[in-house]
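Asks: Build me a structure from this.
(one chain, ligands or ions: 2)
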Amino acid sequence: MDLRALARSRLAAERGTIRKDAPDRVALCYPSPYNVGMSSLGFQTIYREINARAGRVAERAFLPDDVPAQRASRVPLFTYETERPVGDHRVVALSVAYEIEISGVIDVLELSGLPPLAADRDERHPFVLCGGPLTNSNPLPLAPFADAILMGEADETVNLALDVIFSASSKTEALAILAREVPGCFVPAHHGEELPQIAQADNDRLPAWAPIRTPNTELSDMFLLEAERGCSRGCQYCVMRRSTNGGMRIVPLEKLLATIPDDARKIGLVGAAVSDHPKIVELVNTLADQGRQVSLSSLRPDRLNDAFIGALKKAGARAITTALDASSQRLRDRIDRKAKEKHFLKIAELVKAHSLHHLKVYMMVGLPDETDADIDELIRFATELSRIHPLAIGVSPFVAKRNTPLDGSPFAGIDVVDDRLDRLRRGLAGRVDLRATSARWAFIEYVLAQGSLAEGRAVLDAVHAGGNFSAYKKAFAALPAARSRRALRIVA
Ligand code: B12
Ligand code: SF4
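Replies: Numbering: from 1, shown residues only. Ligands and ions are numbered 1, 2, ... in the order given. Below is the predicted model:
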């Protein structure tokens, strides 16, 4: 389909699109395709917050589904709302969830006709402002492409930053004021590699909610609502753990219910630890009794009991998804993950008793000190679970993130991860539906997660060389940084 026709058909299917005209224009871009971006409550919250400000408008743009086709068409990237070129806006803002999306940031900027490196842009170019979940750990590899990065929760700071950008007499002046006055604003040209503290929004701002519902996302036609923010737990690998931004902040039940529009039939309750909300079962039951479907972004195994699973079933759940995270009890204890075999045995029985289709469990392989014996423990336990009820396992390779206790842990190695996945596949063949994310891309994520400005610049070389794994490997190999060379030796 023609690019404009595709955008128009998606727009026509949306409910809640904000139509506004105002002098201060922001192109709010997502560096992954539409269906991913529109599942992001953070992106949608920033869209709502900018548009709530008088005199200011945000229009959305997304990484095209087919980047080479968009490039070949020579049509510059445009916003969905008015089809104005992204590059014609005073500010280009980008939401970045994790390291692999840095290549999408580069594509978005280049497709908009902008030099991707901040150092190659000047006063004539739009101001490039970034933010998003990546800033909770390590935004340094993103820094070469951004004029400024808002660290952490930007519900309030995004408009503070835009006030400065739109009122300053030049980009240079704006950068100086942002670095000095806006909380959590990282200005690479001023701060170098010294990151400011992550910002925290006022509790009055909660809950975040998404203004737009669309059938064209994973979370089809769902009203996204943040039931709580942050987490009170301390899993050692996790960027959202209690130490990141003041632990868990709970939104009262009444406030949540009052935020939901009458006509919303499907509700997505989002947050790092939604199932830890003290009134979660009551909330799910109330919504189900109102005839709505409910899904939760995260279910902690030790919170799942008969009443909770019963409420989820009533609210339309067909399966239960939770996380075991490490393959053995020894490793779960080591990473402070409060998930025990007894919880999962109980959950499998309850999923069966409530006639749900299957139980899905997320896992990591390649944790520090992991051995084949840990994998064998998982094979034994998953077999036991699958005898109770159909089981699916989703496996991701462990990637050490900054701002966590496991920061600095090595990447296990692509061969090691692949061997462990093969061992798991052989051990569970015919019994468990096993899906794994790529060890190669996890390695790239690792180099960036542990990296800095140089690793970020290497992404530009990799994107220009085709953006496949060997392009990244070559770009990282050319880096002087000791860390990347060490990591590459693990792969070789
Ligand atoms: C729901 C969810 C998803 C959904 C929706 C995706 C999305 N992008 O939101 C789905 C299932 C699709 C998903 C997928 C993935 N997710 Co996810 N997800 C979450 C979860 C549980 C909630 C996110 C949320 O809505 N929070 C509430 C909103 C309000 O917060 P927010 O998004 O952070 O937005 C705020 C700020 O970041 C900022 N902000 C956001 N956008 C912008 C834009 C600008 C311009 C500015 C200035 C600021 C800004 O302001 C917002 C308001 O304060 C988080 C955990 C968490 N953060 O609580 C993990 C989390 C974000 N996901 C994570 C990961 C790893 C993934 C995957 C890579 C998993 C995988 N291996 O495939 C994919 C990546 C897909 C993608 N491109 O996003 C990690 C990211 C870790 C990291 N950065 O190192 C997290 C933190 C989970 C974790 N504990 O590790 N995820
Ligand atoms: S993995 Fe989940 S439970 Fe553990 S600290 Fe992170 S958000 Fe909380």
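
Asks: how close does the closest residue to ligand 1 within the stretch 251-400 of the chain sit to residue 235?
Replies: Nearest residue of the stretch 251-400 of the chain to ligand 1, counting by Cβ to the nearest ligand atom: residue 272, 3.4 Å away. All C-beta atoms are positioned from the backbone trio N, CA, C, and that covers glycine. Applying Cβ to Cβ, to the nearest Å, one obtains 10 Å for the distance of residue 272 from residue 235.

Asks: Packing partners of the one helix or strand residue 256 maps to?
Replies: Element membership for residue 256, per DSSP states H and E: helix 253-259. If you count contacts as 3 or more Cβ pairs under 8 Å, 6 or more residues apart in numbering; DSSP states H and E, helix 253-259 packs onto helix 280-289.

Asks: Now do the very next helix or strand once past the helix it packs on: distance to the chain's middle.
Replies: Downstream of helix 280-289, the first helix or strand assigned by DSSP H and E is strand 293-296. Relative to the centre of its chain, strand 293-296 is centred 19 Å away, using Cα atoms, centre = their mean, to the nearest Å.

Asks: what does strand 293-296 contact?
Replies: Strand 293-296 is contacted from outside by 219, 222, 265-269, 274-275, 280, 284, 287-288, 312, 315-317, using Cβ atoms under 8 Å, 6 or more residues apart in numbering.

Asks: one more time with 10 Å, if that's ok
Replies: For strand 293-296, the surrounding residues in contact (Cβ atoms under 10 Å, 6 or more residues apart in numbering) are 219, 221-222, 225, 227, 264-271, 274-275, 277, 280, 283-288, 308, 311-312, 314-318, 320-321.

Asks: Tell me the buried residues within those residues.
Replies: Neighbour-count burial (16 or more other Cβ atoms under 10 Å) applied to these gives 219, 221-222, 225, 227, 264, 266-271, 274-275, 277, 280, 283-288, 308, 311-312, 314-315, 317, 320-321.

Asks: Identify the residues contacting the closest residue to ligand 1 within the stretch 51-200 of the chain.
Replies: In the stretch 51-200 of the chain, the residue that lies nearest ligand 1 is residue 131 (2.3 Å; Cβ to the nearest ligand atom). Each residue near residue 131 by Cβ under 10 Å, 6+ apart is listed here: 42-43, 46, 93-96, 139, 142, 146, 148-154, 157-158, 161, 184-186, 199.

Asks: Please read off the pLDDT at whichever residue of the stretch 1-150 of the chain sits closest to ligand 2 from the model.
Replies: The nearest approach of the stretch 1-150 of the chain to ligand 2 comes at residue 136, 10.7 Å away (Cβ to the nearest ligand atom). At residue 136, the pLDDT value in this model is 96.

Asks: Show the contacting residues for the closest residue to it other than its chain neighbours.
Replies: Spatial nearest neighbour of residue 136, excluding adjacent residues (Cβ to Cβ, 6 or more residues apart in numbering): residue 239 at 4.7 Å. Each residue near residue 239 by Cβ under 10 Å, 6+ apart is listed here: 98, 133-138, 231, 245, 272, 401-404, 407, 449.

Asks: same thing with residue 41?
Replies: Neighbours of residue 41 in contact, by Cβ under 10 Å, 6+ apart: 207, 208, 209, 210, 219, 224, 225, 226, 268, 270, 271, 297.

Asks: at 8 Å what do you get?
Replies: Listed by Cβ under 8 Å, 6+ apart, the contact partners of residue 41 are 208, 209, 210, 224, 225, 226, 270.

Asks: Same check on residue 139?
Replies: 96, 130, 146, 149, 151, 186, 195.

Asks: tell me the contacts of the fifth one?
Replies: Read it as residue 151. Residue 151 makes contact with 131, 135, 136, 139, 184, 185, 186, 195, 196, 197, 198, 199, according to Cβ under 8 Å, 6+ apart.

Asks: Tell me the one of those residues nearest residue 11?
Replies: Closest approach to residue 11 among the contacts of residue 151 (Cβ to Cβ): residue 131, at 24.1 Å.
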